[in-house]
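In: the following comprises the amino acid sequence and a computationally predicted model.
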Number of protein chains: 2
Amino acid sequence: MPVGLLAPHDLLPVKGVRLSATAAGIRYQGRDDLVLIEISEGSQVAGVFTRNAFCAAPVVVARQHLAKAESRYLLINSGNANAGTGADGIQDAKASCALVANRSHVPAEAVLPFSTGVIGEPMPIPAFEAAIPALIEGLDESGWMSAAQAIMTTDTLPKALSERVALSGGEVVITGMAKGAGMIRPDMATMLAFIATDAVLDAEQTRRMHIQAIESSFNRVTVDGDTSTNDACVLIASGQSQVAIDNEQDRVLFQTALDRVYRHLAQALIRDGEGATKFVEIRVTEAGDEQEALSVAYTVAHSPLVKTALFASDPNWGRILAAVGRSGIANMEVDRIHIDLGDVRIVEGGGRAAAYTEEQGQKVMDQDEIMISIILGRGDAKTTVWTSDLSFDYVKINAEYRT
Amino acid sequence: MPVGLLAPHDLLPVKGVRLSATAAGIRYQGRDDLVLIEISEGSQVAGVFTRNAFCAAPVVVARQHLAKAESRYLLINSGNANAGTGADGIQDAKASCALVANRSHVPAEAVLPFSTGVIGEPMPIPAFEAAIPALIEGLDESGWMSAAQAIMTTDTLPKALSERVALSGGEVVITGMAKGAGMIRPDMATMLAFIATDAVLDAEQTRRMHIQAIESSFNRVTVDGDTSTNDACVLIASGQSQVAIDNEQDRVLFQTALDRVYRHLAQALIRDGEGATKFVEIRVTEAGDEQEALSVAYTVAHSPLVKTALFASDPNWGRILAAVGRSGIANMEVDRIHIDLGDVRIVEGGGRAAAYTEEQGQKVMDQDEIMISIILGRGDAKTTVWTSDLSFDYVKINAEYRT
C-alpha cells in the first residue's frame, strides 16, 4: 500500500510528444511492457544516467546515441533490464533501436533505448520485432497514462504528474512519468523517469534545468541504498508551444514548476517503495557543508535499525542518535546537536530532551508521514532527503522477486 | 537459530582473572545481568572502544580510567546501555565504579564500566548497590561461562572460546567471551568482548597484539552496518603463567592463537546475528589497495538487496554485480571483474559466466554458509569480511526490541 500516493489523473498532452504502449510479452503476460515515445523534430533532449560502473547495455547505447544524433524516439521496456549481458546485450539494445529506426526512416542513433526489470537475461528481440509496427501505429499525444503503466515493475501504482505554467509569452505544459520502487538511491535514483514540456528551451537551458531539478528530487531519495544499473532520467523540450523562456521571472516560474514535477515523481518512488508503510523526510540543518549534511541524512536514511523502528512506529531516538554518531563527521560535538521528531524535541545536549515524553514521540510515530529534523549546530549548510521504512514486506518482495 | 554455532564448552580458567555474575534486576527479571571481572595486580589491560561520536557514558569513563590507573576490575551490565544519558549517565557510570572500589579497597579509577542494552534510560544505581557485595563474594576463576551468559542481550547463545598455546617457556591459556547480535559493524563491531591470557606481556605487546587481532576479526564483521554507541573490546594479560613471549616463534604462535579466539568470537556475532539464516564470507581479491577492497566488500555486505537474495537462497548474481558497481571505485573496468559463488564462477567480462547454470548457483545458495569471492583484477590487495542475511526475523526482532 503506497503511503499518501494516488493514481495519476488529468495528465496533459505535450505538443510534439506522442506515446504508445503495447503488450510485447517480454517477460510479463497480459500487460503492456513496451513503450515508444516519439519526439518532434527540432526538440531538445537532456539525459542523466546511473553512475553504477556496471551500467546496463541500454544505458551505454542511449549515452552514445544521445551524443551522436538528434533524438527522435525513446524505446522503453519493462521486465528485462538488459544488464549484465555483456557484448550480446549491447548488440540487442542496438538491434531494438534499428527496428524502430528502419520503420520510421530515421538513423538508428535517433532512437534511445531504456530497459528495466530482471538482470542477466538475454533480450527477446523477436518480441520487439513483432510489437514495433503496432507501437508506431498507436502513437498518440494522449498516451501518457498507458505509458506510465507499461513501464512499471514492482510499482503498485503508476507515477505521473502534469503542470501548467503561465509565462509572459503564453502557457506551457510539463508532464512527467517515472517508475521504480526498489534498488533506489541517489546518483540517479529513479530507475526511469521521462519528463516533457512544450516550452521552447535551447540545449543549454534544457540540460541546466534538468540537472537542477534532479538535484533536489531524484538525487535526494533512497529506499535501500542500492543504485540500479539502469537508472535514467530524460527531459524533452519540444518547443511546440512557441513560448520561450527569456527573462528571469519566467525562468524562475518554469524551474519551480519543473522542480515540483520532479519532486512529486521522486517522492512517489518512496511512497510506493517496496514494502513502505511510512514516508519519511530527513532534514539536516546547521551542517558545516552540504557533504556533511548529506552524510548525516543518508546514514540515518540507510540505517536498518532506524528503518525497522520506523516500521514499528517506535520513537526510538537512541537509534537515530547512534546513526548520527557514526556518520563520519570529524570532531562532532554531540552536546550541540538537537533532534526533533515532527515538532517534538527528542534529543538535546547529547541525550534525551528534558521535556520529552514517550507519549509525545509516539504521537508523531503513529503518523504515516514522519519528519526527522537533525540540527548539527556547526554551520549554515542543509539538505533534505526522503526515505521509507524497512518492513516485513520489503523482505518478502525482495526475497521473492528476481531483479 | 544461529548458523553453525554451538554453545561454548570446556572454557579454561585464566590464572589471575576471577569472574562473577548475578541477577541484579537491571532490566531483565530472573536472569543474570551483572558481571564483575577481577584482574590480579600487575596485569596489563588494553582496550579498544567504539568510534561512534555519540559514545555511551561507560565508554567515556572506561577510557578515562584506563588512562589514569592500573585496571583491577571490569564491571559489565546488560539490559541498559547508559547511552544518550548526558551528564547524569557519566555520574552513574562513575558511581557504579565507586561502589566496587569502596568494597575492594582500590581507587575508583581501577574499575572500568561496560554497559549494553537499551539506549536513553537512566541506570538503576540502587540495583548495582544491592548486587555488588554478592558479586565480589562470588568471584571465581571458573566463572567464564556464567559471565558469557550474563552479558547477552538479543544473543541466542553465549559466545566464548579457549585456546592453549605451547610456548618455549611453557603453556599459556587464552579465554575470551563476547556478546552482540545487532547494531554490528566495523570500527569496533563487537558490542562487548573480553579476552584474557595468563601469558606475560608488557604494555606495548598487549596493545599491539590486541589491535592486530581486532583488525582481522571484530573490524571485519557487519550485521546491519550500525556501529553501536557502546562497543568495547578488552584484552587482559595477567602474566600469572610466568611464561613470557620473547622470541619471534613464540610471538607468531601466540598471535595466531589470539587471532583464532578473536575471529571465533567475531564470527559468532554474525552466526548469531539477529534473524540470521546464512553465514556469509565475502572475499575481495586483486584490489588496488585495501581501502578499495573494503569498499567493495562492505557495499556488498550492506546491500539490502543482496541480503534478501541470500535469505531467499536465490543465486541473484545481478544484485551482487550491481552492488560491486556502485561501490565508488574510480575507473572500474567491469570486464576485468570475476565473481565466484562458492567454487562456481558466476560473473566474468561484465556479465554472466558462459559456463554458469542456475542449478550450480542454486546448489551453493542452498548451503547455510556461503562464500562470495570478488576478483577485481586491479592489483594485489585483498580483504575478507563476514556478514549475515536480511530475514523476516531481522525485521521482527528490531521492530519489537527496543535498543
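Out: Nice, thanks for sending it over.

In: count the neighbours of A:Gln291 for me.
Out: A:Gln291 is flanked by 12 other residues according to other Cβ atoms under 10 Å in any protein chain shown. All C-beta atoms are positioned from the backbone trio N, CA, C, and that covers glycine.

In: assign it to helix, strand or coil.
Out: Three-state call for A:Gln291 (DSSP: H, G, I helix; E, B strand; the rest coil): helix.

In: now do the one 4 residues further on
Out: When states are read from three-state DSSP, the local structure at A:Ser295 comes out as helix.

In: quick check, it in contact with A:Ala330.
Out: No: look at A:Ser295 against A:Ala330 with Cβ atoms under 8 Å: they stay out of range, at 10.6 Å.

In: looking at the two, which is more packed in?
Out: A:Ser295 (18 against 7).

In: now for that one: which residues touch it?
Out: Each residue near A:Ser295 by Cβ atoms under 8 Å, 6 or more residues apart in numbering or on different chains is listed here: A:Ser327, A:Gly328, A:Ile329.

In: for A:Lys382, see how far away it is.
Out: 13 Å (Cβ to Cβ, to the nearest Å).

In: ok, A:Gly239 to A:Ala21 distance?
Out: 25 Å.

In: coming back round to it: within reach of chain B, which of the contacts of A:Ser295 are there?
Out: A:Ile329 (Cβ under 8 Å from any Cβ of the partner chain).

In: nearest to chain B within the stretch 201-350 of chain A, name that residue for me.
Out: Proximity of the stretch 201-350 of chain A to chain B (Cβ to the nearest Cβ) peaks at A:Gly318, 2.7 Å away.

In: surely that residue touches B:Asn80?
Out: No: the criterion here is Cβ under 8 Å, and A:Gly318 misses it with B:Asn80 at 11.3 Å.

In: by mean pLDDT, which helix or strand of chain A comes out lowest?
Out: Scoring the helices and strands of chain A by mean pLDDT, DSSP states H and E places strand A:221-222 at the bottom, with a mean of 72.

In: and it, which strands flank it?
Out: strand A:381-388 (parallel) (DSSP bridges).

In: now the helix or strand that the strand it pairs with is followed by against helix B:392-400, angle please.
Out: Remark: after strand A:381-388, the chain's next helix or strand is helix A:392-400, criterion DSSP states H and E. Calculated by axes from the mean of the first three to the mean of the last three Cα atoms, to 10 degrees, helix A:392-400 forms an angle of 170 degrees with helix B:392-400.

In: when A:Gly318 and B:Asn80 are compared, which one has more neighbours?
Out: The residue with more neighbours, out of A:Gly318 and B:Asn80, is A:Gly318; 28 against 25, by other Cβ under 10 Å.

In: quick revisit: list buried residues within the contacts of A:Ser295.
Out: Neighbour-count burial within the contacts of A:Ser295 applies to A:Ser327, A:Ile329; the criterion is 16 or more other Cβ atoms under 10 Å in any protein chain shown.

In: which of the contacts of A:Ser295 has the weakest pLDDT?
Out: Among those, A:Gly328 carries the lowest pLDDT, at 83.

In: and that residue, which of the three is it?
Out: Under three-state DSSP, A:Gly328 comes out as coil.

In: that one: what's it in contact with?
Out: With contact set as Cβ under 8 Å, 6+ apart, A:Gly328 has these partners: A:Ser295, A:Thr299.

In: one more: A:Tyr356?
Out: A:Val344, A:Arg345, A:Ile346.

In: now do A:Arg352
Out: By Cβ under 8 Å, 6+ apart, the neighbours of A:Arg352 are A:Trp317, A:Ile346, B:Gly84, B:Thr85, B:Gly86, B:Gly120.

In: can you redo these as CSV with pLDDT?
Out: Shown next, in CSV, are these (pLDDT from 0 to 100):
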residue, pLDDT
A:Trp317, 87
A:Ile346, 93
B:Gly84, 84
B:Thr85, 86
B:Gly86, 86
B:Gly120, 83
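
In: how far away is the closest residue to A:Gln212 other than its chain neighbours from B:Ala95?
Out: Leaving aside its sequence neighbours, A:Gln212 sits nearest to A:Gln255 (Cβ to Cβ, 6 or more residues apart in numbering or on different chains; 6.4 Å). A:Gln255 is 59 Å from B:Ala95, where distance means Cβ to Cβ.

In: going along the chain, name the helices of the stretch 101-250 of chain A.
Out: Along the stretch 101-250 of chain A, the segments classed as helices by DSSP state H, counting those that start in this stretch run A:125-137, A:144-150, A:203-215, A:248-271.

In: can I get the CA coordinates of the shortest one in PDB?
Out: Extracted in PDB, the C-alpha atoms of helix A:144-150 (Å, rounded to 0.1, in the frame of the first residue of the first chain):
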ATOM      1  CA  TRP A 144       1.000   9.300 -21.100                       C
ATOM      2  CA  MET A 145      -1.200   7.200 -18.700                       C
ATOM      3  CA  SER A 146      -0.800   3.900 -20.500                       C
ATOM      4  CA  ALA A 147       2.900   4.500 -20.900                       C
ATOM      5  CA  ALA A 148       3.200   5.200 -17.200                       C
ATOM      6  CA  GLN A 149       1.500   1.900 -16.500                       C
ATOM      7  CA  ALA A 150       3.600  -0.100 -19.000                       C
END
